[in-house]
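> Take a look and give me a structure for this.
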Amino acid sequence: MTWTDPIIEELHQIREAHAAKFNYDIEAIVKDFQEKQKSRGKPIVSFVDKGKQKTNKRLS
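Residues are numbered from 1 along each chain as shown. Reported below is the predicted structural model:
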């Protein structure tokens, strides 16, 4: 018996509908997310710039 999470299933349906809206064109999907992010003024996803990430290493 396989257990499915209804919340995860709903997310999959939303993601599928969004991708279909853009004919599964990844560039169009990304552009849509970027436009939504810009209009909201908050990042949807933020990443740490690994080049500027602080470390706890001692300098010898």
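
> Just say helix, strand or coil for Thr4.
Put simply, Thr4 is coil when judged by DSSP: H, G, I helix; E, B strand; the rest coil.

> Phe33 too?
helix.

> gap between it and Lys42?
Counting by Cβ to Cβ, to the nearest Å, the gap between Phe33 and Lys42 amounts to 12 Å. In this view, the C-beta of every residue, glycine as well, is placed from N, C-alpha and C.

> Counting neighbours around each, name which of the two comes out higher.
Neighbour totals were compared for Phe33 and Lys42, and Phe33 leads with 13 against 8 (other Cβ atoms under 10 Å).

> Look up the pLDDT of the more buried one for me, please.
pLDDT, Phe33: 89.

> Next, work out how far apart it and Arg40 are.
Distance from Phe33 to Arg40, by Cβ to Cβ: 11 Å.

> Which residues does the helix or strand bottoming out on mean pLDDT in the chain contact?
Ranked by mean pLDDT, DSSP states H and E, the helix or strand of the chain with the weakest confidence is helix 26-40, at a mean of 92. By Cβ atoms under 8 Å, 6 or more residues apart in numbering, the residues outside helix 26-40 that reach it are 18-19, 22, 43-44.

> In TSV, list the residues you listed along with pLDDT, secondary structure and neighbour count.
TSV is the format used below for the contacts of helix 26-40 (pLDDT from 0 to 100; DSSP: H, G, I helix; E, B strand; the rest coil; neighbours: other Cβ atoms under 10 Å):
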residue	pLDDT	secondary structure	neighbour count
His18	97	helix	12
Ala19	97	helix	14
Phe22	97	coil	14
Pro43	72	coil	9
Ile44	68	coil	9
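
> can you put the residues you listed in JSON lines and add distance to Ile8?
Putting the contacts of helix 26-40 into JSON lines (distance: Cβ to Cβ, whole Å) gives the following:
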{"residue": "His18", "distance to Ile8": "16"}
{"residue": "Ala19", "distance to Ile8": "16"}
{"residue": "Phe22", "distance to Ile8": "22"}
{"residue": "Pro43", "distance to Ile8": "24"}
{"residue": "Ile44", "distance to Ile8": "19"}
